[in-house]
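1. A predicted structure for the sequence below; I have some questions about it.
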Amino acid sequence: MKFAVMGAGAVGCYYGGMLARAGHEVVLIARPQHVEAIQRNGLRLDTRSFDEHVCVSASTEASAADGAEVVLFCVKLTDTDSAAIALEPYLSERTLVVSMQNGVENAERLRELLPQEVAAAVVYVAAEMAGLGHIRHHGRGELVIEPSTVSEELARTLSAASVPTQISDNVRGALWAKLVLNCAYNALSAIAQTPYGRLVQGEGVTRAMRDVVDECLAVAKADNVAIPGDVGASVRGIAETMPNQFSSTAQDMARGKRSEIDHLNGLIVRRGEALGVPTPANRMLHVLVKLLEGERSKD
């Protein structure tokens with residue numbers, strides 16, 4: 001299969017790199033400095049089991065997606081509209097667009113913007129850009145995708161590329177499960193600029209996280225969302241399986257970038273207001289991150 005990765009940051013480079021390593025035709029659409037490094041040296045795929053330079057195409061232009069059978073859509077939530085509009089002229093009617101973003105509303109937004117088939121995916125990977133054209137993988141890497149006309153073939157292709165992939169009829173619930181994890185960790189890791197393992201050792205942190213999680217679950221219940229699995233156990237397990245990982249919000253703030261907090265704790269606050277569910281813990285985290293972002297933008 002031919003793949004294009006739109007917004008090839010840490011997540012996109014990891015999955016695109018794994019597919020290219022398995023022999024698939026892949027183009028990474030990324031920022032100029034990463035594209036230059038990848039064109040010069042290949043993508044450095046630095047994982048827990050191997051460290052290799054993978055030969056893969058890279059471009060700064062959405063037009064590079066021309067001819068792709070599958071687009072892995074990995075842009076920041078704040079860039080969803082502009083990226084979709086840029087892509088649309090280069091997609092065939094048979095292209096599948098896979099939303100691999102945080103949050104729970106992205107696939108629906110893409111369906112409003114694109115005539116192509118869109119499938120939501122839940123991404124479980126700890127990764128960071130460790131340098132130009134250098135992706136460092138800290139753990140996990142599995143995907144859950146919703147059914148589509150090519151989901152079965154895509155799942156087989158990804159699994160053969162060492163990316164365990166499941167197809168689920170309850171991707172909405174799985175997206176919410178990940179949203180709860182993000183709400184518990186992202187803002188706190190960003191405010192403290194601390195990785196998960198050290199974060200949970202802080203005084204009062206686990207209790208505060210429980211308050212955040214309880215609010216998220218109350219909003220989900222009011223919104224008729226069926227969240228699978230033991231969410232509490234999943235939250236506790238993140239710090240154990242990804243002790244050295246900084247949240248994406250922490251990484252954005254450290255680089256002076258606008259974060260996705262409006263679509264994480266901010267979404268819980270908005271949905272809570274709409275459904276009559278109080279969300280004081282999520283509101284406070286949302287406010288604090290927004291304040292810190294405002295202060296950093298002045299620097």
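-> That came in fine, so what should we check first? Keep in mind that what you see is a predicted model, and the values were worked out from it rather than measured.
2. what's the pLDDT at residue 78?
-> On the pLDDT scale, residue 78 is placed at 87.
3. quick check: buried residues in the lengthiest helix in the chain?
-> Criterion DSSP state H: the longest helix present in the chain is helix 171-192. Residues 171-191 are the ones in helix 171-192 that count as buried (16 or more other CB atoms under 10 Å). C-beta: built from backbone N, CA, C; applies to glycine.
4. can you name every helix or strand that that helix contacts?
-> Counting by 3 or more CB pairs under 8 Å, 6 or more residues apart in numbering; DSSP states H and E, the packing neighbours recorded for helix 171-192 are strand 117-131, strand 134-145, helix 196-199, helix 205-222, helix 231-241, helix 248-254, helix 265-275, helix 280-298.
5. could I get those as CSV with mean pLDDT and distance to residue 163?
-> Shown next, in CSV, are the helices and strands packed on helix 171-192 (pLDDT from 0 to 100; distance: least, CB to CB, whole Å):
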stretch, mean pLDDT, distance to residue 163
strand 117-131, 93, 9
strand 134-145, 93, 6
helix 196-199, 96, 22
helix 205-222, 97, 27
helix 231-241, 91, 17
helix 248-254, 91, 19
helix 265-275, 97, 27
helix 280-298, 89, 31
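6. what's the neighbour count on the residue found closest to residue 157 once you drop the neighbours it is linked to in the chain?
-> Residue nearest to residue 157 in three dimensions, not counting chain neighbours: residue 1, with 5.6 Å by CB to CB, 6 or more residues apart in numbering. By the criterion of other CB atoms under 10 Å, residue 1 has 15 neighbours.
7. that older thread, please produce JSON lines containing the helices and strands packed on helix 171-192, extended by mean neighbour count.
-> Converted to JSON lines, these look like this (neighbours: other CB atoms under 10 Å):
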{"stretch": "strand 117-131", "mean neighbour count": "21"}
{"stretch": "strand 134-145", "mean neighbour count": "20"}
{"stretch": "helix 196-199", "mean neighbour count": "19"}
{"stretch": "helix 205-222", "mean neighbour count": "19"}
{"stretch": "helix 231-241", "mean neighbour count": "16"}
{"stretch": "helix 248-254", "mean neighbour count": "22"}
{"stretch": "helix 265-275", "mean neighbour count": "20"}
{"stretch": "helix 280-298", "mean neighbour count": "16"}
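8. which residues sit in contact with residue 251?
-> By CB atoms under 8 Å, 6 or more residues apart in numbering, the residues touching residue 251 are residue 128.
9. residue 54 too?
-> Going by CB under 8 Å, 6+ apart, residue 54 touches 17, 20, 21, 42, 43, 44, 45.
10. beta-bridge partners for it, please?
-> As for beta bridges, residue 54 partners with residue 43 under DSSP bridges.
11. could you do residue 72 as well?
-> residue 5, residue 98.
12. surely residue 218 touches residue 277?
-> Yes: in this structure, residue 218 is within contact of residue 277 by CB atoms under 8 Å, at 5.0 Å.
13. okay, domains of the protein per the record?
-> 2-169, 172-298 (automatic domain parsing).
14. residue contacts, the nearest residue to residue 245 once chain neighbours are set aside?
-> The shortest distance from residue 245 to any non-neighbouring residue, by CB to CB, 6+ apart, is to residue 126 (4.3 Å). Residue 126 makes contacts with 137, 138, 139, 140, 241, 242, 245, as judged by CB under 8 Å, 6+ apart.
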